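1. sequence-free structure coming up:
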């Protein structure tokens, strides 16, 4: 069973700060890694995904994947109060297309 | 954009009651999922399906049944509800990795 662990559990930053969220996983045969954003009372929504070692940039978001260290990080540049949400890391396994979620990081961006 | 709807949005029942949660997706996705979300536990997979008539057991299936009647419709059944099943339930559909979630059903078992 895949284990997905996220850190920190919560984070409070001022508006405009760079935010860094971490996720570690246990199975190097993972197919892809996804980051989801969840606002209160809403379902999670996919933000960005990565399949290969290295980094991927989309707008203010950059994700880094290191399969050797089983670690992925999400960086949010110039954070905004509207970025306040829970961020979930999810890993999809090659073997059975199962998806496993971490417990999430609660981000608060203060104006 | 993918559309997943759930009903009811809120439900209160008593211990031992019978509850059915409904989910419909209009995206022709093969995979559908039922999750529960509780503080301190994140999203936990209850059951999932990769097509009409198919059912796969997830990580926390005890006390739950599910049925996929069509490609669009996936139901979660609680036949003898218990207070431990008080939770926020999400349905999702997927194809090629990305999951599309519904708005959730908040279930309270008194």
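-> Ah, there it is. Given the structure is predicted, the values throughout are model-derived calculations rather than measurements.
2. Run through the residues that contact the residue nearest to residue B:66 when sequence neighbours are not counted.
-> The shortest distance from residue B:66 to any non-neighbouring residue, by CB to CB, 6 or more residues apart in numbering or on different chains, is to residue B:47 (3.9 Å). Where you see a C-beta, it was placed from the backbone N, CA and C, and this is true even at glycine. By CB atoms under 8 Å, 6 or more residues apart in numbering or on different chains, the contact list for residue B:47 reads B:33-34, B:55-58, B:61, B:64-66, B:76.
3. try it again with 7 Å
-> Contact analysis of residue B:47 by CB atoms under 7 Å, 6 or more residues apart in numbering or on different chains lists B:34, B:55-58, B:61, B:64, B:66.
4. same deal with residue B:20?
-> Taking CB under 7 Å, 6+ apart, we find residue B:20 in contact with B:75, B:77.
5. one step back: ok, the residue nearest to residue B:66 to residue A:3 distance?
-> Using CB to CB, to the nearest Å, one gets 21 Å for the distance from residue B:47 to residue A:3.
6. Please tell me how far residue A:70 sits from chain B.
-> The spacing between residue A:70 and chain B, counted by CB to the nearest CB, to the nearest Å, is 18 Å.
7. I'd say that residue and residue A:22 touch.
-> No. Assessed by CB atoms under 7 Å, residue A:70 is found out of contact with residue A:22, at 11.5 Å.
8. In the contacts of residue B:47, find the pair that's most separated.
-> Farthest apart among these by CB to CB are B:56 and B:64. That separation is 12.6 Å.
9. Those two: who's more crowded?
-> Legend: neighbour count by other CB atoms under 10 Å in any protein chain shown for residue B:56 and residue B:64, higher for residue B:64 (19 against 16).
10. What score does the closest residue to chain A within chain B have for pLDDT?
-> Residue nearest to chain A within chain B: residue B:101 (3.1 Å; CB to the nearest CB). Note for residue B:101: predicted pLDDT of 95.
11. in the sheet, who's paired with it?
-> Using DSSP bridges, the bridge partners assigned to residue B:101 are residue B:92.
12. Can you get me a residue count around it?
-> Residue B:101 has 23 neighbouring residues, counting by other CB under 10 Å.
13. Now do the same contact list for it.
-> Residues in contact with residue B:101 (CB under 7 Å, 6+ apart) are A:43-44, B:4, B:90, B:92.
14. Pull the most distant pair out of those.
-> Pairwise distances across these (CB to CB) peak at 11.4 Å, for the pair A:44 and B:4.
15. picking up where we left off before, so what's in contact with residue A:70 and residue A:22 at the same time?
-> In contact with both residue A:70 and residue A:22: no residue, using CB under 7 Å, 6+ apart.
16. Can you name the residue of chain A nearest to chain B?
-> Nearest residue of chain A to chain B, counting by CB to the nearest CB: residue A:43, 3.1 Å away.
17. is it true that that residue touches residue B:88?
-> No. With contact defined as CB under 7 Å, residue A:43 does not count as touching residue B:88 (9.6 Å).
18. What residues does chain A have near chain B?
-> Proximity of chain A to chain B, by CB under 7 Å from any CB of the partner chain, involves residues A:32, A:34, A:42-44, A:46, A:49, A:88, A:92, A:99, A:101-104.
19. Now the buried members of these.
-> Buried by 16 or more other CB atoms under 10 Å in any protein chain shown: A:32, A:34, A:43-44, A:46, A:49, A:88, A:92, A:99, A:101-104, out of the residues of chain A next to chain B.
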